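Asker: sequence-free structure coming up:
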Ligand SMILES: Nc1ncnc2c1ncn2[C@@H]1O[C@H](COP(=O)(O)OP(=O)(O)OP(=O)(O)O)[C@@H](O)[C@H]1O
């Protein structure tokens, strides 16, 4: 077992500086890949550096598999933490072959075992047979996979990935992400991926921890973070959001400018209580829940102000009658609307009510 527990981390860079980490808690179960997602400057790198042992926290603790790495009176040096790191741009040793890069952390292991482990790791990242190459003979994506193989070779208790796909162009990124995720799964390692890219976090991780101003504001599966964001800020940060002023009714519906919308509730949770008791609030929908309809027969209508075509779908911005801000509608398939035209709008599925 090598679950990660981060509790109450606090860090300021200087006695009069504001806190960068402000009581941050994070739990990652053994073998899971968690993405730490947050805007620039929210403290992601600071968190990673404290977990790795490059930086001391002012307060709080870090344990992996029950072993205290940092806490009151404890600060294990980085080399004793059993943590593998995949930095932003691979940072392979340029003068060492791929095999020697991968074997770098395997000191104290005999030659045969070292060779076997290196080959195992190259196979794990899908680069068996590349051991004799030099780093400059690899593509950017291959370099990142070798950096992962190097991090995993000594069987670390935890792997930290610091925005590892940033330097890759977008066409390559999705493939390398998938390869890295597969290799991490097969290795069984617990891992933390730091990113400011929402799509990367949602598509790659088992858990997404959204960080704002030095705290985790929500930590949940990608599906729940997207469908049940903790607040309107998280909703807008992890995806496109349609936020509507609403009046909630006791029957689990809310009246909005887009009509009466059924609300999602978790039985027995605080949310249900809120959904039934709150008089006013904000209802969240996603643009794919809105549908363009024939304006002549629609009960809710608006005027198209913009259309952005993305190939697989399009985003249509509509000024809705009775609403003071426009909404975005994700439309799949061939588009029949243009800016200036009238459209009807229909809502599919449930909304989430925030007080
Ligand atoms: N060594 C330092 N000395 C002083 N301030 C620092 C130092 N390192 C980081 N900071 C400040 O701490 C805050 C958080 O920085 P951090 O690098 O942890 O954020 P981040 O979420 O990783 O941002 P990014 O996504 O831009 O890398 C920022 O305001 C930054 O300016």
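Answerer: Ah, there it is. Everything numeric here is computed off the predicted structure, so don't read it as measured data.

Asker: what's the separation between the residue nearest the centre of the chain and the ligand?
Answerer: Note on the chain: the residue nearest the mean C-alpha position is residue 201, at 2.5 Å, using C-alpha atoms, centre = their mean. For residue 201, the distance to the ligand (C-beta to the nearest ligand atom, to the nearest Å) stands at 13 Å. All C-beta atoms are positioned from the backbone trio N, CA, C, and that covers glycine.

Asker: so what's that residue up against?
Answerer: Listed by C-beta atoms under 8 Å, 6 or more residues apart in numbering, the contact set of residue 201 reads 35, 37, 193, 195, 208, 222, 238.

Asker: try 10 Å
Answerer: By C-beta atoms under 10 Å, 6 or more residues apart in numbering, residue 201 lies in contact with 34-38, 193-195, 207-210, 222, 225, 238.

Asker: ok, residue 296 next?
Answerer: Per C-beta under 10 Å, 6+ apart, neighbours of residue 296: 342, 344.

Asker: so it, which state does it fall into?
Answerer: coil (DSSP: H, G, I helix; E, B strand; the rest coil).

Asker: rewinding a little: what about the closest residue in space to the residue nearest to the centre of the chain that isn't next to it in sequence, neighbour count?
Answerer: Excluding the flanking residues, the one nearest residue 201 by C-beta to C-beta, 6 or more residues apart in numbering is residue 35, at 3.7 Å. Residues within reach of residue 35, counting by other C-beta atoms under 10 Å, total 27.

Asker: let me see the ranges of the helices in this structure.
Answerer: 44-52, 98-102, 111-124, 140-152, 170-187, 198-204, 222-227, 232-238, 270-277 (DSSP state H).

Asker: on that earlier part again, for beta bridges, what are the partners of the residue nearest to residue 201?
Answerer: residue 193, residue 208 (DSSP bridges).

Asker: look up how far the ligand lies from it.
Answerer: Residue 35 is 13 Å from the ligand, by C-beta to the nearest ligand atom.

Asker: that residue contacts residue 216, correct?
Answerer: No. With contacts counted by C-beta atoms under 10 Å, residue 35 stays clear of residue 216, the gap being 11.6 Å.

Asker: mutual contacts of these two, please.
Answerer: By C-beta under 10 Å, 6+ apart, the residues touching both residue 35 and residue 216 are 209, 210.

Asker: residues in contact with residue 318?
Answerer: 290, 292, 301-307, 326-329, 337, 341-345.

Asker: tell me the pLDDT at the closest residue to it other than its chain neighbours?
Answerer: Leaving aside its chain neighbours, residue 318 sits nearest to residue 302 (4.2 Å; criterion: C-beta to C-beta, 6+ apart). Note on residue 302: pLDDT of 94.

Asker: please apply the same query to residue 179.
Answerer: 84.

Asker: quick one: neighbours of it, just the number.
Answerer: 19.

Asker: also residue 166?
Answerer: 14.

Asker: need the contact list for it.
Answerer: Neighbours of residue 166 in contact, by C-beta under 10 Å, 6+ apart: 88, 89, 144, 173, 195, 196, 197, 200.

Asker: how about residue 30?
Answerer: Neighbours of residue 30 in contact, by C-beta under 10 Å, 6+ apart: 1, 2, 3, 4, 64, 65, 157, 158, 188, 189, 190.

Asker: can you report phi and psi for it?
Answerer: Torsion angles at residue 30 (phi, psi; degrees, to the nearest 10) stand at phi -60, psi 130.

Asker: so residue 289 touches residue 244, yeah?
Answerer: No. The criterion here is C-beta under 10 Å, and residue 289 misses it with residue 244 at 11.3 Å.

Asker: those two: which has the busier surroundings?
Answerer: Using other C-beta under 10 Å as the criterion, residue 289 and residue 244 rank with residue 244 on top: 23 against 18.

Asker: just grab the bridge partners of that one for me.
Answerer: Where residue 244 sits in a bridge, its partners, by DSSP bridges, are residue 283.

Asker: gap between it and residue 119?
Answerer: The gap separating residue 244 from residue 119 is 57 Å, by C-beta to C-beta, to the nearest Å.

Asker: ok, residue 354 next?
Answerer: 52 Å.
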